[in-house]
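**Q** no sequence for this one, just the structure:
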Ligand code: 5AD
Ligand code: SF4
(Lines give C-alpha, C1' and ligand atoms only; values in the text may rest on other atoms or scores of the structure.)
(Ligands and ions follow the chains in the order given, each with its own letter.)
Protein backbone atom coordinates (compact mmCIF):
# COMPACT_ATOMS: atom_id res chain seq x y z
CA UNK A 1 0.00 0.00 0.00
CA UNK A 2 1.39 3.39 -1.02
CA UNK A 3 0.81 6.51 1.01
CA UNK A 4 1.43 10.18 0.49
CA UNK A 5 1.15 12.98 3.04
CA UNK A 6 0.24 16.54 2.08
CA UNK A 7 1.18 19.05 4.76
CA UNK A 8 -0.23 22.51 5.28
CA UNK A 9 0.90 25.06 7.81
CA UNK A 10 3.84 25.58 10.11
CA UNK A 11 7.06 23.78 11.00
CA UNK A 12 5.23 21.91 13.76
CA UNK A 13 2.79 20.45 11.25
CA UNK A 14 5.73 19.42 9.10
CA UNK A 15 7.21 17.62 12.07
CA UNK A 16 3.84 15.98 12.80
CA UNK A 17 3.77 14.69 9.23
CA UNK A 18 7.21 13.18 9.72
CA UNK A 19 5.85 11.29 12.73
CA UNK A 20 2.79 10.15 10.78
CA UNK A 21 5.18 8.88 8.08
CA UNK A 22 7.29 7.07 10.70
CA UNK A 23 4.17 5.41 12.08
CA UNK A 24 2.83 4.36 8.66
CA UNK A 25 6.14 2.84 7.63
CA UNK A 26 6.28 0.80 10.83
CA UNK A 27 2.97 -0.58 9.59
CA UNK A 28 4.47 -1.58 6.28
CA UNK A 29 3.21 1.25 4.09
CA UNK A 30 5.46 2.77 1.45
CA UNK A 31 5.74 6.41 0.54
CA UNK A 32 4.99 7.36 -3.05
CA UNK A 33 4.34 10.37 -5.21
CA UNK A 34 0.92 11.93 -4.82
CA UNK A 35 -0.47 10.52 -8.07
CA UNK A 36 0.66 6.97 -7.27
CA UNK A 37 -0.70 6.86 -3.73
CA UNK A 38 -3.52 4.52 -2.66
CA UNK A 39 -4.10 6.59 0.42
CA UNK A 40 -3.55 10.30 0.92
CA UNK A 41 -3.21 11.95 4.31
CA UNK A 42 -4.03 15.63 4.52
CA UNK A 43 -2.34 17.20 7.52
CA UNK A 44 -4.32 20.41 7.69
CA UNK A 45 -3.90 23.90 9.11
CA UNK A 46 -6.75 26.26 9.96
CA UNK A 47 -4.97 29.32 11.27
CA UNK A 48 -6.57 31.46 8.55
CA UNK A 49 -9.55 30.95 6.27
CA UNK A 50 -7.21 30.80 3.25
CA UNK A 51 -5.72 27.57 4.65
CA UNK A 52 -9.18 25.99 4.87
CA UNK A 53 -10.06 27.18 1.36
CA UNK A 54 -6.90 25.57 0.02
CA UNK A 55 -7.87 22.33 1.72
CA UNK A 56 -11.32 22.28 0.06
CA UNK A 57 -9.67 22.90 -3.30
CA UNK A 58 -7.23 20.04 -2.79
CA UNK A 59 -9.93 17.55 -1.76
CA UNK A 60 -12.00 18.45 -4.81
CA UNK A 61 -8.95 17.90 -6.99
CA UNK A 62 -8.07 14.54 -5.49
CA UNK A 63 -11.59 13.30 -6.11
CA UNK A 64 -11.31 14.06 -9.81
CA UNK A 65 -8.63 11.42 -10.23
CA UNK A 66 -9.46 8.27 -12.21
CA UNK A 67 -8.40 5.96 -9.46
CA UNK A 68 -9.72 7.77 -6.44
CA UNK A 69 -7.38 7.46 -3.44
CA UNK A 70 -8.59 6.94 0.11
CA UNK A 71 -8.50 10.39 1.70
CA UNK A 72 -7.69 10.82 5.39
CA UNK A 73 -7.97 14.21 7.03
CA UNK A 74 -6.10 15.10 10.20
CA UNK A 75 -4.12 17.98 11.71
CA UNK A 76 -4.79 21.32 13.30
CA UNK A 77 -8.56 21.61 12.88
CA UNK A 78 -11.58 22.68 14.91
CA UNK A 79 -14.18 20.00 15.69
CA UNK A 80 -16.65 22.11 13.72
CA UNK A 81 -14.46 22.09 10.61
CA UNK A 82 -13.84 18.38 10.98
CA UNK A 83 -17.60 17.75 11.00
CA UNK A 84 -18.12 19.96 7.98
CA UNK A 85 -15.37 18.26 6.01
CA UNK A 86 -16.14 14.71 7.06
CA UNK A 87 -18.65 14.07 4.27
CA UNK A 88 -16.00 14.98 1.67
CA UNK A 89 -13.29 12.58 2.82
CA UNK A 90 -13.11 8.92 3.84
CA UNK A 91 -11.79 9.38 7.36
CA UNK A 92 -11.23 12.23 9.80
CA UNK A 93 -8.83 11.49 12.64
CA UNK A 94 -7.42 13.35 15.61
CA UNK A 95 -3.69 13.55 15.14
CA UNK A 96 -2.68 12.79 18.72
CA UNK A 97 -4.88 9.69 18.76
CA UNK A 98 -2.92 8.07 15.95
CA UNK A 99 -2.67 4.77 17.86
CA UNK A 100 -6.42 4.33 17.61
CA UNK A 101 -6.86 5.41 14.00
CA UNK A 102 -9.34 2.94 12.69
CA UNK A 103 -7.70 1.82 9.44
CA UNK A 104 -7.65 -1.93 8.74
CA UNK A 105 -3.97 -2.07 7.74
CA UNK A 106 -2.70 -0.39 10.91
CA UNK A 107 -1.74 -3.23 13.20
CA UNK A 108 1.80 -2.67 14.38
CA UNK A 109 3.30 -0.14 16.71
CA UNK A 110 0.24 0.29 18.88
CA UNK A 111 2.00 -0.11 22.19
CA UNK A 112 3.45 3.36 22.43
CA UNK A 113 1.94 5.94 24.74
CA UNK A 114 2.03 9.28 23.01
CA UNK A 115 2.21 10.63 19.50
CA UNK A 116 5.58 12.23 20.29
CA UNK A 117 7.16 8.88 21.06
CA UNK A 118 6.90 7.91 17.40
CA UNK A 119 10.25 8.06 15.61
CA UNK A 120 9.80 10.56 12.78
CA UNK A 121 10.79 9.78 9.23
CA UNK A 122 12.71 12.97 8.55
CA UNK A 123 11.98 14.65 5.24
CA UNK A 124 13.89 17.86 5.58
CA UNK A 125 17.59 18.64 5.63
CA UNK A 126 17.07 20.07 9.11
CA UNK A 127 15.75 18.15 12.11
CA UNK A 128 12.41 19.43 13.37
CA UNK A 129 11.85 18.53 17.00
CA UNK A 130 8.61 19.49 18.73
CA UNK A 131 9.31 20.02 22.41
CA UNK A 132 5.85 21.11 23.45
CA UNK A 133 2.47 21.51 21.88
CA UNK A 134 -0.76 23.33 22.57
CA UNK A 135 -1.30 26.80 23.92
CA UNK A 136 -2.77 28.41 27.04
CA UNK A 137 -2.59 31.97 25.82
CA UNK A 138 -5.87 32.43 24.01
CA UNK A 139 -4.85 35.38 21.88
CA UNK A 140 -8.27 36.60 20.85
CA UNK A 141 -7.79 35.97 17.12
CA UNK A 142 -6.22 32.51 17.32
CA UNK A 143 -7.67 29.00 16.91
CA UNK A 144 -4.65 27.11 18.20
CA UNK A 145 -5.84 26.77 21.82
CA UNK A 146 -9.00 25.16 20.39
CA UNK A 147 -7.38 22.95 17.77
CA UNK A 148 -4.38 21.83 19.80
CA UNK A 149 -5.71 22.12 23.33
CA UNK A 150 -3.73 23.06 26.43
CA UNK A 151 0.05 23.20 26.67
CA UNK A 152 1.85 19.94 27.01
CA UNK A 153 5.64 19.60 27.36
CA UNK A 154 7.63 16.54 26.38
CA UNK A 155 10.09 15.11 28.91
CA UNK A 156 13.51 16.75 28.52
CA UNK A 157 15.28 13.39 28.36
CA UNK A 158 13.19 12.32 25.34
CA UNK A 159 13.97 15.60 23.59
CA UNK A 160 17.70 15.35 24.32
CA UNK A 161 17.75 11.79 23.08
CA UNK A 162 15.98 12.83 19.88
CA UNK A 163 18.42 15.69 19.26
CA UNK A 164 21.37 13.42 19.94
CA UNK A 165 20.05 10.86 17.46
CA UNK A 166 19.51 13.51 14.81
CA UNK A 167 22.98 14.99 15.27
CA UNK A 168 24.57 11.54 15.21
CA UNK A 169 22.87 10.74 11.95
CA UNK A 170 24.34 13.89 10.45
CA UNK A 171 21.82 16.72 10.88
CA UNK A 172 23.54 20.08 11.06
CA UNK A 173 20.52 22.13 11.98
CA UNK A 174 18.07 21.38 14.76
CA UNK A 175 14.81 23.25 15.38
CA UNK A 176 13.20 23.10 18.81
CA UNK A 177 9.54 23.75 18.20
CA UNK A 178 6.47 24.72 20.16
CA UNK A 179 3.61 27.21 19.90
CA UNK A 180 5.22 28.93 22.82
CA UNK A 181 8.62 27.47 23.69
CA UNK A 182 9.20 29.89 26.58
CA UNK A 183 6.50 28.18 28.55
CA UNK A 184 8.16 24.79 28.11
CA UNK A 185 7.73 23.04 31.46
CA UNK A 186 9.56 19.73 31.39
CA UNK A 187 11.73 18.67 34.31
CA UNK A 188 13.84 21.71 33.40
CA UNK A 189 13.15 25.21 32.07
CA UNK A 190 13.46 26.15 28.41
CA UNK A 191 16.79 28.00 28.82
CA UNK A 192 18.18 24.98 30.68
CA UNK A 193 16.94 22.67 27.92
CA UNK A 194 18.72 24.85 25.35
CA UNK A 195 21.90 24.68 27.41
CA UNK A 196 21.69 20.90 27.52
CA UNK A 197 21.11 20.70 23.76
CA UNK A 198 24.10 23.00 23.28
CA UNK A 199 26.27 20.50 25.18
CA UNK A 200 25.59 17.72 22.68
CA UNK A 201 28.77 17.00 20.73
CA UNK A 202 28.95 17.94 17.07
CA UNK A 203 29.02 20.82 14.63
CA UNK A 204 25.38 21.90 14.38
CA UNK A 205 23.14 24.92 14.73
CA UNK A 206 20.24 25.25 17.14
CA UNK A 207 17.15 27.28 16.24
CA UNK A 208 13.93 27.59 18.20
CA UNK A 209 10.42 28.93 17.58
CA UNK A 210 8.10 30.41 18.63
CA UNK A 211 8.74 32.74 21.54
CA UNK A 212 6.08 34.87 23.24
CA UNK A 213 7.13 38.32 24.48
CA UNK A 214 5.09 37.89 27.65
CA UNK A 215 7.46 35.39 29.21
CA UNK A 216 10.73 36.20 27.56
CA UNK A 217 13.36 36.02 30.30
CA UNK A 218 16.86 37.35 30.92
CA UNK A 219 17.84 33.78 31.50
CA UNK A 220 16.94 33.04 27.86
CA UNK A 221 18.84 36.10 26.62
CA UNK A 222 21.94 35.00 28.52
CA UNK A 223 21.57 31.49 27.18
CA UNK A 224 21.49 32.73 23.58
CA UNK A 225 24.56 34.80 24.33
CA UNK A 226 26.50 32.03 26.08
CA UNK A 227 25.72 29.00 23.93
CA UNK A 228 27.81 28.82 20.76
CA UNK A 229 25.50 26.50 18.83
CA UNK A 230 22.40 28.64 19.32
CA UNK A 231 22.08 30.79 16.22
CA UNK A 232 21.98 34.57 16.37
CA UNK A 233 18.37 34.55 15.33
CA UNK A 234 15.17 35.24 17.18
CA UNK A 235 11.57 34.99 16.02
CA UNK A 236 9.50 37.14 18.36
CA UNK A 237 5.92 37.81 17.21
CA UNK A 238 4.76 41.35 17.94
CA UNK A 239 1.32 41.11 16.18
CA UNK A 240 0.66 44.83 16.66
CA UNK A 241 2.67 47.85 17.75
CA UNK A 242 -0.35 49.48 19.39
CA UNK A 243 -1.15 48.99 23.06
CA UNK A 244 -4.91 49.24 22.60
CA UNK A 245 -4.89 46.58 19.88
CA UNK A 246 -2.49 44.37 21.86
CA UNK A 247 -4.91 44.47 24.79
CA UNK A 248 -7.84 43.54 22.52
CA UNK A 249 -5.73 40.75 21.04
CA UNK A 250 -5.20 39.50 24.59
CA UNK A 251 -1.45 39.83 24.20
CA UNK A 252 -0.40 40.73 27.73
CA UNK A 253 2.53 43.06 26.99
CA UNK A 254 2.92 46.62 25.78
CA UNK A 255 4.92 48.13 22.94
CA UNK A 256 7.25 49.54 25.59
CA UNK A 257 7.86 46.08 27.07
CA UNK A 258 8.47 44.66 23.58
CA UNK A 259 10.97 47.39 22.74
CA UNK A 260 12.76 46.80 26.05
CA UNK A 261 13.16 43.09 25.23
CA UNK A 262 14.62 43.99 21.83
CA UNK A 263 17.00 46.44 23.47
CA UNK A 264 18.14 43.86 26.03
CA UNK A 265 18.56 41.15 23.39
CA UNK A 266 20.62 43.45 21.17
CA UNK A 267 22.73 44.61 24.11
CA UNK A 268 23.60 41.01 24.86
CA UNK A 269 23.92 39.77 21.26
CA UNK A 270 24.53 42.77 18.99
CA UNK A 271 24.55 40.74 15.77
CA UNK A 272 21.21 39.04 16.38
CA UNK A 273 18.69 38.87 13.54
CA UNK A 274 15.09 39.43 14.60
CA UNK A 275 11.93 38.40 12.78
CA UNK A 276 8.32 38.89 13.77
CA UNK A 277 4.67 38.19 12.96
CA UNK A 278 2.25 41.04 12.35
CA UNK A 279 -1.50 41.00 11.86
CA UNK A 280 -2.95 43.94 9.94
CA UNK A 281 -6.62 44.89 10.03
CA UNK A 282 -7.56 43.43 13.40
CA UNK A 283 -11.16 44.49 14.28
CA UNK A 284 -11.13 48.15 15.26
CA UNK A 285 -7.58 48.83 14.03
CA UNK A 286 -7.59 52.50 13.04
CA UNK A 287 -5.01 54.27 10.92
CA UNK A 288 -3.56 55.65 14.15
CA UNK A 289 -3.27 52.15 15.67
CA UNK A 290 -1.64 50.90 12.49
CA UNK A 291 0.85 53.77 12.48
CA UNK A 292 2.08 52.53 15.84
CA UNK A 293 3.02 49.24 14.18
CA UNK A 294 4.82 51.18 11.46
CA UNK A 295 6.56 53.16 14.18
CA UNK A 296 7.81 49.98 15.89
CA UNK A 297 9.08 48.71 12.58
CA UNK A 298 11.04 51.91 12.15
CA UNK A 299 12.49 51.54 15.62
CA UNK A 300 13.34 47.84 15.47
CA UNK A 301 14.01 47.33 11.74
CA UNK A 302 13.09 43.67 11.76
CA UNK A 303 15.11 41.43 9.47
CA UNK A 304 11.93 39.64 8.47
CA UNK A 305 8.25 40.26 9.01
CA UNK A 306 5.57 37.65 8.36
CA UNK A 307 2.55 39.84 7.73
CA UNK A 308 -0.97 38.38 7.86
CA UNK A 309 -4.26 40.06 7.06
CA UNK A 310 -6.66 39.43 9.92
CA UNK A 311 -8.97 36.50 9.21
CA UNK A 312 -11.90 35.85 11.58
CA UNK A 313 -12.00 32.34 13.05
CA UNK A 314 -15.08 30.81 14.68
CA UNK A 315 -14.83 30.03 18.37
CA UNK A 316 -12.19 32.71 19.01
CA UNK A 317 -13.04 35.78 21.10
CA UNK A 318 -12.29 38.16 18.21
CA UNK A 319 -14.88 36.40 16.05
CA UNK A 320 -17.53 38.32 17.97
CA UNK A 321 -15.81 41.65 17.34
CA UNK A 322 -17.09 43.66 14.42
CA UNK A 323 -14.71 43.75 11.46
CA UNK A 324 -13.98 47.38 10.64
CA UNK A 325 -11.12 47.15 8.15
CA UNK A 326 -12.03 46.36 4.54
CA UNK A 327 -10.08 43.73 2.57
CA UNK A 328 -8.61 46.49 0.39
CA UNK A 329 -7.48 48.46 3.41
CA UNK A 330 -5.89 45.33 4.93
CA UNK A 331 -3.99 44.83 1.70
CA UNK A 332 -2.89 48.47 1.71
CA UNK A 333 -1.53 48.18 5.24
CA UNK A 334 0.21 44.94 4.38
CA UNK A 335 1.81 46.59 1.39
CA UNK A 336 3.05 49.55 3.43
CA UNK A 337 4.84 47.20 5.82
CA UNK A 338 6.22 45.10 2.95
CA UNK A 339 7.68 48.19 1.33
CA UNK A 340 9.29 49.32 4.57
CA UNK A 341 10.80 45.87 5.06
CA UNK A 342 12.08 45.82 1.51
CA UNK A 343 13.78 49.20 1.80
CA UNK A 344 15.26 48.42 5.17
CA UNK A 345 16.59 45.03 4.14
CA UNK A 346 18.09 46.40 0.95
CA UNK A 347 20.22 48.68 3.07
CA UNK A 348 21.01 46.01 5.64
CA UNK A 349 21.98 43.40 3.06
CA UNK A 350 24.40 45.75 1.34
CA UNK A 351 26.57 45.62 4.46
CA UNK A 352 27.32 41.94 3.82
CA UNK A 353 29.14 42.64 0.53
CA UNK A 354 32.63 41.18 0.56
CA UNK A 355 32.06 39.27 3.80
CA UNK A 356 32.64 35.57 4.24
CA UNK A 357 29.71 33.76 5.85
CA UNK A 358 28.96 30.26 7.10
CA UNK A 359 25.77 29.08 5.45
CA UNK A 360 23.53 26.08 6.05
CA UNK A 361 22.44 24.64 2.69
CA UNK A 362 18.67 24.15 2.39
CA UNK A 363 17.55 23.24 -1.10
CA UNK A 364 17.84 23.81 -4.80
CA UNK A 365 16.77 27.30 -5.75
CA UNK A 366 14.06 27.86 -8.33
CA UNK A 367 16.81 29.42 -10.43
CA UNK A 368 18.49 26.70 -12.45
CA UNK A 369 21.85 25.52 -11.16
CA UNK A 370 21.52 27.62 -8.05
CA UNK A 371 21.33 26.46 -4.45
CA UNK A 372 19.63 28.20 -1.52
CA UNK A 373 21.07 28.41 1.96
CA UNK A 374 20.50 30.31 5.19
CA UNK A 375 22.96 32.35 7.19
CA UNK A 376 23.09 32.05 10.94
CA UNK A 377 20.74 35.05 11.04
CA UNK A 378 18.33 33.18 8.73
CA UNK A 379 18.97 35.31 5.67
CA UNK A 380 18.65 33.72 2.25
CA UNK A 381 21.81 33.25 0.24
CA UNK A 382 21.88 31.80 -3.25
CA UNK A 383 24.99 30.42 -4.85
CA UNK A 384 26.09 28.21 -7.73
CA UNK A 385 26.85 24.81 -6.33
CA UNK A 386 26.04 21.15 -6.24
CA UNK A 387 23.18 19.30 -4.61
CA UNK A 388 25.79 17.42 -2.63
CA UNK A 389 26.07 20.37 -0.28
CA UNK A 390 22.43 20.05 0.84
CA UNK A 391 22.17 19.74 4.61
CA UNK A 392 25.78 20.82 5.12
CA UNK A 393 27.57 24.03 5.92
CA UNK A 394 29.47 25.93 3.26
CA UNK A 395 31.60 29.06 3.47
CA UNK A 396 30.45 31.69 1.02
CA UNK A 397 31.94 34.98 -0.05
CA UNK A 398 29.12 37.48 -0.57
CA UNK A 399 29.23 39.34 -3.90
CA UNK A 400 25.66 40.48 -4.43
CA UNK A 401 22.46 41.38 -2.63
CA UNK A 402 18.80 42.25 -3.06
CA UNK A 403 16.07 43.17 -0.58
CA UNK A 404 15.28 39.48 -0.10
CA UNK A 405 18.72 38.02 0.26
CA UNK A 406 22.36 37.67 -0.65
CA UNK A 407 24.37 36.12 -3.45
CA UNK A 408 27.50 34.19 -2.65
CA UNK A 409 30.34 32.17 -4.13
CA UNK A 410 31.84 29.06 -2.59
CA UNK A 411 35.18 29.92 -1.05
CA UNK A 412 37.59 27.26 -2.22
CA UNK A 413 40.64 28.22 -0.29
N1 LIG B 1 -5.79 36.03 11.29
C2 LIG B 1 -4.61 36.43 10.78
N3 LIG B 1 -3.43 35.99 11.23
C4 LIG B 1 -3.43 35.10 12.25
N5 LIG B 1 -2.43 34.50 12.89
C6 LIG B 1 -2.96 33.69 13.83
N7 LIG B 1 -4.30 33.77 13.80
C8 LIG B 1 -4.63 34.65 12.82
C9 LIG B 1 -5.85 35.15 12.31
N10 LIG B 1 -7.02 34.77 12.80
C11 LIG B 1 -1.01 34.75 12.61
C12 LIG B 1 -0.29 35.33 13.82
C13 LIG B 1 0.56 34.17 14.30
C14 LIG B 1 0.84 33.45 13.00
C15 LIG B 1 1.26 32.05 13.15
O16 LIG B 1 -0.38 33.51 12.30
O17 LIG B 1 0.53 36.40 13.39
O18 LIG B 1 1.73 34.58 14.96
FE1 SF4 C 1 -2.12 31.40 18.99
FE2 SF4 C 1 -1.40 33.28 20.76
FE3 SF4 C 1 -1.06 30.68 21.33
FE4 SF4 C 1 0.49 31.83 19.46
S5 SF4 C 1 0.45 32.36 21.65
S6 SF4 C 1 -0.56 29.82 19.31
S7 SF4 C 1 -0.95 33.29 18.54
S8 SF4 C 1 -3.01 31.73 21.05
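**A** Structure's in. What do you need? From a predicted model like this one, the values you see are computed outputs, not experimental measurements. Ligands and ions are numbered 1, 2, ... in the order given.

**Q** skipping adjacent residues, who's closest to residue 152 in space?
**A** residue 134 (5.1 Å; C-beta to C-beta, 6 or more residues apart in numbering). For every residue, glycine as well, the C-beta is placed using N, CA and C.

**Q** check contacts around the one you found.
**A** 144, 145, 148, 149, 150, 151, 152, 179 (C-beta atoms under 8 Å, 6 or more residues apart in numbering).

**Q** apply 7 Å and report the result again.
**A** 148, 149, 150, 151, 152, 179 (C-beta atoms under 7 Å, 6 or more residues apart in numbering).

**Q** now swap in residue 71 and tell me
**A** Taking C-beta under 7 Å, 6+ apart as the test, what residue 71 contacts is 40, 42, 59, 62, 89, 90.

**Q** same check, this time on residue 75
**A** Contacts of residue 75 (C-beta under 7 Å, 6+ apart): 13, 43, 44, 45, 95.

**Q** which one of those sits in the busiest neighbourhood?
**A** residue 44 (27 neighbours; other C-beta atoms under 10 Å).

**Q** for that residue, name its beta-bridge partners.
**A** residue 75 (DSSP bridges).

**Q** my guess is it contacts residue 77, does it?
**A** Yes. Residue 44 is within contact range of residue 77, at 5.4 Å (criterion: C-beta atoms under 7 Å).

**Q** could I get the pLDDT score of the residue in the stretch 301-413 of the chain positioned nearest to ligand 2?
**A** Per C-beta to the nearest ligand atom, residue 316 is where the stretch 301-413 of the chain lies closest to ligand 2, at 8.7 Å. With respect to pLDDT, residue 316 scores 97.

**Q** any idea how far it is from ligand 1?
**A** 7 Å (C-beta to the nearest ligand atom, to the nearest Å).

**Q** can you pull the contacts of the residue in the stretch 251-400 of the chain positioned nearest to ligand 2?
**A** The stretch 251-400 of the chain approaches ligand 2 most closely through residue 251 (7.3 Å), counting by C-beta to the nearest ligand atom. With contact taken as C-beta under 7 Å, 6+ apart, residue 251 is in contact with 139, 239.

**Q** please redo it, this time with the cut-off set to 8 Å
**A** 139, 213, 214, 239, 240.

**Q** quick check, it in a strand?
**A** No. Residue 251 is assigned coil when assessed by DSSP: H, G, I helix; E, B strand; the rest coil, not a strand.

**Q** quick one, longest helix in this structure?
**A** What stands out as the longest helix in the chain, according to DSSP state H, is helix 327-350.

**Q** picking up where we left off before, ok, the residue of the stretch 301-413 of the chain closest to ligand 2 touching residue 137?
**A** No. With contact defined as C-beta atoms under 8 Å, residue 316 and residue 137 do not form a contacting pair (11.8 Å).

**Q** how about the residues of the stretch 1-150 of the chain near ligand 2?
**A** Counting by C-beta under 6 Å from any ligand atom, the stretch 1-150 of the chain comes close to ligand 2 at 135, 137, 138, 139, 142, 144, 145.

**Q** only whichever of those residues are buried, select them in PyMOL.
**A** Selection of buried members from those for PyMOL, criterion 16 or more other C-beta atoms under 10 Å:
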select buried, resi 135+137+139+142+144+145
